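In: generate a structure from the sequence data that follows.
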Amino acid sequence: MKLFIQIPCKNEEEYLPVVLLELPTTLPWIEHIEVLVIDDGSTDRTVDVAKAHGVEHIISFPANRGLGNAFRLWVEYALAHGADILINTDADNQYPAIYMKDLIAPILAHRADIVIGDRTPGKVAHFTWYKKFLQRLWNKIMTMFTGVVIPDAVSWFRAYSRESLEILNVTVRFSYVIDTILQAYKKWLAIVWVPIHTNPPTRPSRLFSNIWVHIKKSAASIVRVYTMYEPFHIFMLASMPFLLVGWWWVMRFLRYYFMTDSWSWRIQSLIISGILITIGFNLVSLGIIGDIVARNRILIEENLRLMKRFTLDASKK
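Out: Down below sits the predicted model:
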C-alpha cells in the first residue's frame, strides 16, 4: 500500500520545512510513504528547500495555474506513480500531521472513499467572526445542495482513495474542495468526516485577495458544479417566477374578460403574460436539454474513468 502526501506550494520556503519535518515516516498498513510538492509558480526557494529535505517528487509550474488545475495534474502524477491513497495538506502548517493516521483509517477499513478533516469551524479560536460566519454559511449551502449534513465544506485536509481519484474530474480553476464534495455525493462516493484541531495561522491566506473575492468565487463554483449535475432543477427553479407571474396575469385578464366590459384596456397585461410564459417555457426546455447533456456526461465520465484505469495499468507493465 503506497501513500502519497501532496503539498501545494507558492512561495513557502519559510514554512515548508516545518511541514516536511512533521510528516509521518511510518503508518499502519502503509508500506511506502512518498511526498509530492507542487510548486505553483513560486518565485522564492521553495523547490530548493523541498529538495534539501529529501522530497523526490516535485512538480513545478512556471506560473500560477490555480488549485483546480494543479489538482488534476498532481492526481495524474500520483496515480501514475502507484498511489493507493492521496493525502492533501497545506504548506502553511495549518493541519497537524498527527491526524494523517486518522484520515487514512476509514479508507483502509473500506468505510470511505474520501475522508475530510473536520475543524469544527465555528469553534476555532483564531477564526475571525466573519470567517466563522462564512464557514457556517458554506456548510448550510452545501448541506442544502447535497441533502447531507456538511460540517466543514472547505477543509483542505483530506485523504482520497485511488478509486475516488479515478472517478472525480475537477472542472474549476479556483479551489477544488467544493467541486469534489458535490461530485462525490452525486457519484455516490462515501465521505467520512474525522475531527481535527488546527495550528494557529502563520500567514494570511493566499487563495484569495479579500473576503468578497472568496465569496464570489466560492458561490460561482457551487452554482456551476451543481448546474452540471442537476440542470433540470436549476432551470425549473429559474422558470417558476416567470411562469407563475405570467399565468397570474392571464387569469387576471380572463377575469376582466368574462366579468367586466373593460377587458380591452387589459390587452397589455395579456401581452406581458405571454412574454413571461414564453421565457418560462424556454427555461424549462433548457433544463430538459441540460438534463440530457448531464446524462451523456455520466457516460463520458465513465469512459474517462475506464481510460484512466487502462492507461495506468498499462504503464505498470
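
In: from here on, contacts and neighbour counts on C-alpha atoms
Out: Fine.

In: which residue ranges of the stretch 201-317 of the chain form helices?
Out: Taking DSSP state H, counting those that start in this stretch as the test, the helices found in the stretch 201-317 of the chain are 211-229, 231-259, 267-316.

In: out of those helices, flag the one nearest Pro24.
Out: The closest of the helices of the stretch 201-317 of the chain to Pro24 is helix 267-316. By CA to CA, the value is 26.8 Å.

In: what's that closest one packed up against?
Out: Here helix 267-316 touches helix 67-80, helix 162-167, helix 211-229, helix 231-259, going by 3 or more CA pairs under 8 Å, 6 or more residues apart in numbering; DSSP states H and E.

In: looking at these, which is nearest to Ala190?
Out: Minimum separation from Ala190 across those (CA to CA) falls at helix 162-167, 9.2 Å.

In: report the distance from stretch 22-41 to the chain centre.
Out: Taking CA atoms, centre = their mean, to the nearest Å, one finds stretch 22-41 lying 23 Å from the centre of the chain it belongs to.

In: hang on, I meant stretch 130-137
Out: On CA atoms, centre = their mean, the centre of stretch 130-137 falls 17 Å from the chain's centre.

In: for that stretch, C-alpha coordinates in CSV please.
Out: Taking C-alpha atoms only, stretch 130-137 is exported to CSV below (Å, rounded to 0.1, in the frame of the first residue of the first chain):
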residue,chain,number,x,y,z
TYR,A,130,-16.9,36.8,9.7
LYS,A,131,-14.8,33.8,8.8
LYS,A,132,-16.8,31.7,11.2
PHE,A,133,-20.0,33.1,9.7
LEU,A,134,-18.8,32.3,6.2
GLN,A,135,-17.8,28.8,7.2
ARG,A,136,-21.3,28.1,8.6
LEU,A,137,-22.9,29.7,5.5
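
In: got the helices of the stretch 201-317 of the chain as JSON lines, with mean pLDDT columns?
Out: Listed next are the helices of the stretch 201-317 of the chain as JSON lines, based on pLDDT from 0 to 100:
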{"stretch": "helix 211-229", "mean pLDDT": "75"}
{"stretch": "helix 231-259", "mean pLDDT": "86"}
{"stretch": "helix 267-316", "mean pLDDT": "83"}
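
In: wait, which of these is closest to Tyr176?
Out: Checking these against Tyr176 by CA to CA gives helix 211-229 as the closest, at 8.6 Å.

In: go through stretch 55-67 and flag the buried ones.
Out: The neighbour-count check on stretch 55-67 (16 or more other CA atoms under 10 Å) flags Val55, His57, Ile58, Ile59, Gly66, Leu67 as buried.

In: widest-spaced pair of those?
Out: Val55 and Gly66 (22.0 Å).

In: if we can go back for a sec, could the helices of the stretch 201-317 of the chain be laid out in CSV, adding mean neighbour count?
Out: Converted to CSV, those look like this (neighbours: other CA atoms under 10 Å):
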stretch, mean neighbour count
helix 211-229, 16
helix 231-259, 17
helix 267-316, 16
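
In: ok, which of those comes nearest Gln6?
Out: Across the helices of the stretch 201-317 of the chain, closest to Gln6 is helix 267-316 (CA to CA), at 19.1 Å.

In: looking at the buried residues of stretch 55-67, which is nearest Gln183?
Out: Leu67 (16.6 Å).

In: relative to Arg136, which of the helices and strands packed on helix 267-316 is closest?
Out: helix 211-229 (12.7 Å).

In: helices or strands up against the closest one?
Out: Helix 211-229 packs on helix 177-186, helix 267-316, going by 3+ CA pairs under 8 Å, 6+ apart.

In: angle of the longest one against helix 231-259?
Out: When you say that, I think you mean helix 267-316. Note on geometry: by axes from the mean of the first three to the mean of the last three CA atoms, to 10 degrees, helix 267-316 and helix 231-259 are set 170 degrees apart in direction.

In: any chance of the helices and strands packed on helix 267-316 in TSV, plus distance to Leu304?
Out: Formatted as TSV, those follow (distance: least, CA to CA, whole Å):
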stretch	distance to Leu304
helix 67-80	13
helix 162-167	8
helix 211-229	17
helix 231-259	21
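
In: out of those helices, nearest to Tyr130?
Out: Nearest of the helices and strands packed on helix 267-316 to Tyr130, taken as CA to CA: helix 211-229 at 9.0 Å.

In: what's the angle between that closest one and helix 231-259?
Out: On the basis of the same axes, to 10 degrees, helix 211-229 is oriented at 80 degrees to helix 231-259.

In: starting at the chain centroid, how far to helix 211-229?
Out: 9 Å.

In: again, but for stretch 80-96
Out: The answer for stretch 80-96 is 16 Å, by CA atoms, centre = their mean.
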